[in-house]
Each structure stands twice: as C-alpha cells, then as structure tokens.
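K.L.:
Generate a structure from the sequence data that follows.
(2 chains)
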Amino acid sequence: QKEVEQNSGPLSVPEGAIASLNCTYSDRGSQSFFWYRQYSGKSPELIMFIYSNGDKEDGRFTAQLNKASQYVSLLIRDSQPSDSATYLCAVNIITGQGNLIFGKGTKLSVKP
Amino acid sequence: GAVVSQHPSWVICKSGTSVKIECRSLDFQATTMFWYRQFPKQSLMLMATSNEGSKATYEQGVEKDKFLINHASLTLSTLTVTSAHPEDSSFYICSARGSGRISSTDTQYFGPGTRLTVL
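P.N.:
Modelled structure (predicted):
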C-alpha cells in the first residue's frame, strides 16, 4: 500500500526561526511532490511543488527532495505566527489515475 | 493560480433530506475532480475520484448510492449527499486537477470547502 508519512507534531518554533517539516514516501516511482498548508477550519492551499532532486526555493519556503532516500522536506525561514497551520505532504502515485496520496499532516506552531 | 470554487460554503439541513454541493474550476479545465471529507481534527479522507463524462470511482467504504457524484462538464462536479443523517455532518472539500496553462497536469487545487451540518 502506498504511504506518505509525516510526524504529526505539534512542531513548535519561535518566531524568526527556521521550521523544518519532513515527509517520507513509499512509492519509489513517484515523480511529483507537493506541500499544502491547511489552516484550522479551512481547506488546503498549495504552497509549492517539486519534481527534481535538490532544492526549490519560493520566498521563505524551500522544498527539498531526495528520491534515493524517498524523502521530501519543507523549510520555512523567518517563521511567522501566521505560518501556524497544518502542513500536508502529498505524493503522486504512478498507477491508476495518478492520484495524490496525502500524509496526515504536521501541525506547526510559531510562537511570538 | 488555478481557482476552484464550492457552493454552498455551509449548509444546515434536517435528517433525511438531500444536499447538493457544487465544485467549479473557474480558470482551467478540470479533467479530474476529487471529493474529500474531513472530520474535526482528523486528516483528509478521499471519498471519490471523478473524470469528466464517466462514472466516479469510490474509495473503499464510501457508499456510492449515498454520495452521488456527477462530473458532467470540464468545469463542474457535484456531490449529492442523499438522505443525510447527523453522522454525515462534516467538512466536504473538492479538488480539481486538469490541463491548461494555469493548472499543471497532476497538481490538485482545492476548493474552499462546504461545512455540512445535519440536524
């Protein structure tokens, strides 16, 4: 069974620090990796996606992918209280309809 | 970016009635739409996947006769909760995946969700 694993947290970091969110996946053939942010009571919103090994930066966010280790991470620099949310890792599966498999999410709390 | 809307944003109904929720992709063609359910403090649960013009594929344990899905066009999918009961009260979220210059072919964009309360 295809799985995406995340530490449920909560991960607590002080304002201004770097928050590091991690995700591992089981399907070695996965090609697309996504990070979503979900505020309490709201639906998920896409933060960024990554397809290639290495780092991808977008503002304060950096996604890191290591396909050999089946590991994807999200770094949030200069964390702000408004970053407090649940972060969902999603990975595509190459069989069937190519759907995304979501992790259960990591709850991040940024303390002022 | 790609925008997905849902209507209504919240609904309260009596037990035994049916409720229809609409999901629209506003600026791209959604070849595939997904319906999720999320109970408080729990993770997303995929209910079904629908492709335009064909029958939906339901996840194990989801009653297809209770949760009717219609994906009649490339921009609209509907979820009808038939004979709703209090245990169906939940946050229903759709997402869309499609083609076009805005949406990449495997990225899912979520609607804002519909909060259903069945009395």
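K.L.:
where do the strands sit along the chain?
P.N.:
Assuming you mean chain A. For chain A, the strands defined by DSSP state E occupy A:4-6, A:11-14, A:19-25, A:33-38, A:45-50, A:54-58, A:61-66, A:71-76, A:85-92, A:100-102, A:106-111.
K.L.:
could you do chain B instead?
P.N.:
Remark: strands assigned in chain B by DSSP E are B:4-7, B:10-13, B:19-25, B:29-38, B:45-51, B:57-58, B:67-73, B:76-81, B:90-99, B:109-110, B:114-118.
K.L.:
possible to save the ones you listed as JSON lines with mean neighbour count?
P.N.:
Glycine gets a C-beta too; all of them are placed from N, C-alpha and C. Putting the strands of chain B into JSON lines (neighbours: other Cβ atoms under 10 Å in any protein chain shown) gives the following:
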{"stretch": "strand B:4-7", "mean neighbour count": "19"}
{"stretch": "strand B:10-13", "mean neighbour count": "14"}
{"stretch": "strand B:19-25", "mean neighbour count": "21"}
{"stretch": "strand B:29-38", "mean neighbour count": "23"}
{"stretch": "strand B:45-51", "mean neighbour count": "20"}
{"stretch": "strand B:57-58", "mean neighbour count": "18"}
{"stretch": "strand B:67-73", "mean neighbour count": "18"}
{"stretch": "strand B:76-81", "mean neighbour count": "22"}
{"stretch": "strand B:90-99", "mean neighbour count": "24"}
{"stretch": "strand B:109-110", "mean neighbour count": "24"}
{"stretch": "strand B:114-118", "mean neighbour count": "19"}
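K.L.:
To A:T106, which of these lies closest?
P.N.:
strand B:29-38 (16.0 Å; Cβ to Cβ).
K.L.:
Could you list every helix and strand that the closest one packs against?
P.N.:
The elements that strand B:29-38 packs onto, with contact taken as 3 or more Cβ pairs under 8 Å, 6 or more residues apart in numbering or on different chains; DSSP states H and E, are strand B:19-25, strand B:45-51, strand B:67-73, strand B:76-81, strand B:90-99.
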